[in-house]
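[1] This is the structure alone, sequence omitted:
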């Protein structure tokens, strides 16, 4: 029986005015079933409407069973079924436009534009794309399959081929390695099979050879899984390619039994859909695939780590697919506009809530199973055509010709470039032979001299993959959980629940990973962590257990270290999700490169100051009375150099390089002596003061002459230097010097103050330089003094300003004589 509902395009609301037929009467196609009235507004702007009456015609042929409306009813929308008709044939099974039950040509259309081919739009078979069934028939078939699998205690498993259980290449280098037992890659190629496909697959008119490596442990894996799952192959390869591969992995057909779905029958070249094989119920279906993006985030998926045996080859049948997303659990690509309204994928905006998809509107299982002999036919919204409300499994994708051209180009490029040959050949100098085996240089062609380079082969293929062991344990756990009780929990609930147990109890904070300005909850890493059971926060609190960072030095990293929290790299999260188990943190810890906790200001770390050079304090240090003085630590060479530097200082030391920043002088001071003094400066050595002769002294104006003084008068009066004079500048320079000799020794209160004798060397001489201190002289023994020297009475500290002034005045007086 067929239930008919009205199209949305009718001028709602409508009122039933007349029912033209009674139950039991035969209805021809396009015959009027009932009349209805509606109000049509006028276009004169008055706001009034006219009452119009129209008939609604039957889109199907059959016997009227019952009316669900009566005369005078007002209908506001198309939500209700108005009539039920018994058709002689519902055309539930169709083959290339013909009804497989009655043989009617369903491609013919009438003036309504409706075709019966739309009534069976579900393709459920693997190897025959022209056979379609209706929703009612698909539900009937799946009900039978479900009962059969439950009796045999099995689930359904969809298996991908390329980089999931096998890896294939067309590189001719593999054939050469297989023919050479001495090649270092020969052992890893054990079990590699090959087959040849025609030119339509690429490689020219004669086609090319495909080399297929089965994933380690595949035979045992398939035999074990076949006891608890009914397996289906779903690949993006062609039908010819899939058939040849299945002959290798399943020679007798006992594992897959012809259940092979390729891109030729899939209906899409960029997406895989569970509705293609299980249009009504996916509660018992598990998927294993190395790509999650082609499944639009289906909760039935168990993602497999890609099998990359032929290094650098990738998936030869994915040239037309979007670039693979390396980050697991990333936001799935939204389906194309004409995608099915019912989808097995969970809401992509909340992957952590995938378990709730079984009760949402996106589930593939209808909320109520339709009667076996009843289908729901509704009229199209726009044109008034009748169409079945069926899930559409087809999606927009590149054309088949574009896919074939892209695949052929990829295969031909791989044949020509031979990428594996470049990885296998390694050039070694004669002195650095490879560690694998010694190379016989004399046996190599063209090697006549010992200093020539040697090209050898090194192993690039590794046959140590154990991913199928992990996948087998997951499949066993899912199977055991499903059959644990009679209620049979949906697989779409079991798999997300198992994922959430991986990082249960973990609370993460991300640092340096989520882009600034982006919503953290929408980032790939946040969604992935939530999908596997972790809680995520934006700030560090007492609940946080881990900080996932990309680098050191961020404020959150510093805060985490002060809290004692582990700071791990993003690989810890990605690989834990990839392997479905929480990995230890120690191999992924980011080392602390700072020895101490940095200072912070309002939560912002203050960078450490750059190291400063060691500078002696300007204030003299005082040695305690009871502290012994160790004179052996004094560097007398440095002390002597410091005295020499002081004595050689001149008033022109600030004019290094002859700039404008020299001594400040009166603007009228432009005598020849100053000019000659500046022009005579050359090298980098200490510059001597230019002393004018007595002959030129008369040419100097009296107001600019220095007062005549003698050493005795300077010493006795200790007069301060004239402000602005060269002497004053030298005194200022001496005060600003930082000397290592500024250490004062407090006198012993029991001893009388000693008479300090300052032994100044003669002009131009230097103190004796030796490795130790000079021999102390008795205080009572007078020392020879220069002529005209008068001892000054005052403080014993050589830092006194008056003493410096006196000493400088004496030296200047001596130079002027």
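    Here it is on my side, so go on. For clarity, every value in this text was computed on a predicted model and none was experimentally measured.

[2] Looks to me like residue 496 is in a helix.
    Yes. Counting by DSSP: H, G, I helix; E, B strand; the rest coil, residue 496 falls inside a helix.

[3] and after the lowest-mean-pLDDT helix or strand in the chain, which helix or strand comes next?
    Of all helical and strand segments in the chain, the minimum by mean pLDDT, DSSP states H and E falls on strand 386-388, at a mean of 36. The first helix or strand that comes after strand 386-388 along the chain, using DSSP states H and E, is helix 400-417.

[4] pLDDT on that next one, on average?
    Mean per-residue pLDDT for helix 400-417: 83.

[5] distance of residue 152 from residue 71?
    55 Å (C-beta to C-beta, to the nearest Å). Where you see a C-beta, it was placed from the backbone N, CA and C, and this is true even at glycine.

[6] And residue 27, by the same measure?
    Residue 27 is 18 Å from residue 71, by C-beta to C-beta.

[7] Those two - which one has more neighbours?
    In this view residue 27 and residue 71 are compared by other C-beta atoms under 10 Å, and residue 27 has more residues nearby, 21 against 12.

[8] I'd guessed that one sits against residue 59; true?
    No. Using C-beta atoms under 8 Å, residue 27 is not in contact with residue 59; the gap is 10.1 Å.

[9] Show me what counts as buried in stretch 124-144.
    124, 126, 129, 131-142 (16 or more other C-beta atoms under 10 Å).

[10] can you tell me which residues contact the spatially closest residue to residue 150 that is not a sequence neighbour?
    Among residues not flanking residue 150 along the chain, residue 488 sits closest, at 7.4 Å (C-beta to C-beta, 6 or more residues apart in numbering). By C-beta atoms under 8 Å, 6 or more residues apart in numbering, the contact list for residue 488 reads 150, 283, 284, 482.

[11] So for stretch 130-149, mean pLDDT?
    Averaging pLDDT along stretch 130-149 gives 90.

[12] Then residue 223 would be within a helix, right?
    Yes. Counting by three-state DSSP, residue 223 falls inside a helix.

[13] From residue 247, how far off is the nearest residue to it once chain neighbours are set aside?
    Spatially, and ignoring its direct neighbours in sequence, residue 223 is nearest to residue 255 (7.8 Å; C-beta to C-beta, 6+ apart). Computed with C-beta to C-beta, the distance linking residue 255 and residue 247 is 12 Å.

[14] out of those two, which sits in the busier spot?
    Comparing residue 255 with residue 247 by other C-beta under 10 Å, the one with more neighbours is residue 255, at 19 against 13.

[15] and the more buried one, what is it in contact with?
    Counting by C-beta under 8 Å, 6+ apart, residue 255 makes contact with 222, 223, 226, 231, 249.

[16] Surely residue 506 touches residue 530?
    No. In this structure, residue 506 is not within contact of residue 530 by C-beta under 8 Å, at 10.7 Å.

[17] Now for these two: what residues contact both?
    With C-beta under 8 Å, 6+ apart as the test, residue 506 and residue 530 reach no residue in common.

[18] Using the three-state scheme, assign residue 209.
    Residue 209 - assigned by three-state DSSP - is strand.

[19] Could you verify that residue 176 is part of a helix?
    Yes. Membership of residue 176 in a helix is supported by three-state DSSP.

[20] tell me the pLDDT at it?
    93.

[21] ok, how many other residues are close to it?
    Using other C-beta under 10 Å, residue 176 has 15 neighbouring residues.

[22] residues touching it, list them.
    Here residue 176 is in contact with residue 183 (C-beta under 8 Å, 6+ apart).

[23] mind checking how far residue 300 is from residue 502?
    Plainly put, residue 300 is 18 Å away from residue 502 if you go by C-beta to C-beta.

[24] That should have said residue 104, apologies.
    In terms of C-beta to C-beta, residue 104 sits 55 Å off from residue 502.

[25] ok, those two, which is more surrounded?
    residue 502 (19 against 15).

[26] and that one, what helix or strand is that in?
    Residue 502 belongs to no helix or strand, assigned by DSSP H and E.

[27] What does the pLDDT read for it?
    For residue 502, pLDDT reads 96.

[28] Next, the contact list for the residue nearest to residue 30 when sequence neighbours are not counted, please.
    Leaving aside its chain neighbours, residue 30 sits nearest to residue 57 (4.9 Å; criterion: C-beta to C-beta, 6+ apart). With contacts defined as C-beta under 8 Å, 6+ apart, the neighbours of residue 57 are 30, 31, 32, 33, 112.

[29] Kindly recompute the last result at 7 Å.
    Contacts of residue 57 were listed using C-beta atoms under 7 Å, 6 or more residues apart in numbering, and they are 30, 31, 32, 33.

[30] Against residue 589, how distant is it?
    For residue 57, the distance to residue 589 equals 75 Å [C-beta to C-beta].

[31] just to revisit the earlier point, would you point out the most distant pair within the contacts of residue 488?
    150 and 283 (10.9 Å; C-beta to C-beta).

[32] Which one's more surrounded, these two?
    residue 283 (23 against 14).

[33] how about the more buried one, phi and psi?
    Residue 283 adopts backbone torsions of phi -70, psi -10, taken as degrees, to the nearest 10.

[34] So it sits against residue 491, correct?
    Yes. With contact defined as C-beta atoms under 7 Å, residue 283 counts as touching residue 491 (5.9 Å).

[35] Any stretches of this protein with poor pLDDT?
    112-113, 128-129, 199-205, 324-400, 424-457, 594-634, 649-732, 734-817 (pLDDT under 70).

[36] burial of the residue lying closest to residue 515 once chain neighbours are set aside, as a residue count?
    Excluding the flanking residues, the one nearest residue 515 by C-beta to C-beta, 6+ apart is residue 523, at 7.6 Å. Around residue 523 there are 19 other residues, counting by other C-beta under 10 Å.

[37] Was I right to think residue 561 contacts residue 591?
    No. The criterion here is C-beta under 7 Å, and residue 561 misses it with residue 591 at 10.9 Å.

[38] about what we covered before: select only the buried ones of the contacts of residue 255 in ChimeraX?
    A single ChimeraX command selects the buried members of those (16+ other C-beta under 10 Å):
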select :222,226,231,249
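
[39] Nice, that's everything, thank you.
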